[in-house]
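>>> give me a 3D structure for the following:
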Amino acid sequence: MMDPDHELFVSIVDEGGLAAAGRRLHISPAMMSKRLARLEDRLGARLIHRTTRRLALTPAGERLHSDLRAILATLDEAERRVSGVSAIASGPLRITAPTSFGRMHLAPYLQPFLDNHPRIDLRLDLSDDYVDLIESRADLAIRIAADPGAGLTARRLAPNRRILCAAPAYLERFGTPHRIADLKHHRLLAADGQLPWRLISPKGPVAIDGHSHIRTNSSEVVRELALSGSGIALRSLWDISDALAQGDVRQILPDHEGSSDVALYAVQLPQANPPLAITAFVDFLAAQYALAPPWESRTDRTGLP
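The predicted structure follows:
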């Protein structure tokens, strides 16, 4: 049997605090605090920084939590094998994803997934900020990046093709750039931190630096600005393929695209036997994108190469 104080510590981290974990375990906050202190004294290390606003793990706490979660998953799997109970994905599953991608390409799939796995208690949180898996207590993060994160387990789900585009109204007003150098005479649109653009071309990599014509911290706002004719944007096909198909934006400089290093990943903390709920959801998404992501299939109607 696992040390009860170890299970208590895991519950504190997973629930995000002493009070929430105490409610789950039916233990008073005073006793929760006393037992946590007892565990820290026994180990000779502080595991959690206690503040009035949030819980933060120390490096020692992060290592212990990762190890204990792996042990708990192994114990659960061992009991299933001994008891002969068929493995069924169940329990809480907390997922984080970028705002636009989550709304457009995760939310429509959630009900079909839950129809197949009704015992999973799923939560989807959307944010364009970098989400730390430990601090957010998330089980899985969907990331669009060149590097999904050091020390994490990542599965590549799909490529992330990005193109330069602008609305017809903008191109009629300011002209269509025919060379990459022409961009310095045009209005660029990008959210904070998205410039410089790192592009690939037949002649090799190209970096386009500058300032956004309208400054914003929202990638969704950049999309709307591009559609309204405010400037030229570098957008992912998953975000802009419908607008391309409908003629609301046009691709420009088609021999220049975003770096192919950037892709769509499902990212989780490393553990020998991840919960079946995580594995089931990652496999489900991978199956949706196995042949071609839905936004890629729309390129047949856009005239993209």
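
>>> only C-alpha atoms from now on, for both contacts and neighbour counts.
Noted.

>>> which elements pack onto the one helix or strand Asp242 maps to?
Here Asp242 is covered by helix 237-246, with elements defined by DSSP states H and E. When contacts are defined as 3 or more CA pairs under 8 Å, 6 or more residues apart in numbering; DSSP states H and E, helix 237-246 sits against helix 99-101, helix 294-297.

>>> for those, which has the smallest mean pLDDT value?
Confidence, taken as mean pLDDT, is least for helix 294-297 of the helices and strands packed on helix 237-246 (a mean of 62).

>>> what's the neighbour count on Leu285?
Leu285: 18 surrounding residues under other CA atoms under 10 Å.

>>> now do the contacts for it.
Taking CA atoms under 8 Å, 6 or more residues apart in numbering, we find Leu285 in contact with Leu157.

>>> quick check on it: phi, psi?
The phi/psi pair for Leu285 (degrees, to the nearest 10) reads phi -60, psi -40.

>>> for it, give its distance to Asn273.
19 Å (CA to CA, to the nearest Å).

>>> again, but for Val206
As judged by CA to CA, Val206 and Asn273 stand 42 Å apart.

>>> next one: Pro159
Pro159 is 27 Å from Asn273, by CA to CA.

>>> so between these two, which is more surrounded?
Just comparing Pro159 and Asn273: by other CA under 10 Å the higher neighbour count belongs to Pro159, 19 against 16.

>>> the more buried one and Leu264 touch, don't they?
Yes: judged on CA atoms under 8 Å, Pro159 makes contact with Leu264 at a distance of 6.0 Å.

>>> can I get the CA coordinates of the helix or strand containing Pro108 in PDB?
Assigned by DSSP H and E, Pro108 falls within helix 107-116. Output in PDB follows, covering the C-alpha atoms of helix 107-116 (Å, rounded to 0.1, in the frame of the first residue of the first chain):
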ATOM      1  CA  ALA A 107     -14.700  21.600 -29.600                       C
ATOM      2  CA  PRO A 108     -16.500  20.000 -32.600                       C
ATOM      3  CA  TYR A 109     -14.900  16.600 -31.700                       C
ATOM      4  CA  LEU A 110     -15.500  16.500 -28.000                       C
ATOM      5  CA  GLN A 111     -19.000  15.000 -28.100                       C
ATOM      6  CA  PRO A 112     -18.100  12.200 -30.500                       C
ATOM      7  CA  PHE A 113     -15.100  11.400 -28.200                       C
ATOM      8  CA  LEU A 114     -17.300  11.400 -25.100                       C
ATOM      9  CA  ASP A 115     -19.900   9.200 -26.800                       C
ATOM     10  CA  ASN A 116     -17.200   6.600 -27.000                       C
END
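
>>> give me the residues contacting it.
Ile120, Phe281, Phe284.

>>> tabulate those (a markdown table), appending distance to Val249 and secondary structure.
Formatted as a markdown table, the contacts of helix 107-116 follow (distance: CA to CA, whole Å; DSSP: H, G, I helix; E, B strand; the rest coil):
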| residue | distance to Val249 | secondary structure |
| --- | --- | --- |
| Ile120 | 40 | strand |
| Phe281 | 33 | helix |
| Phe284 | 32 | helix |
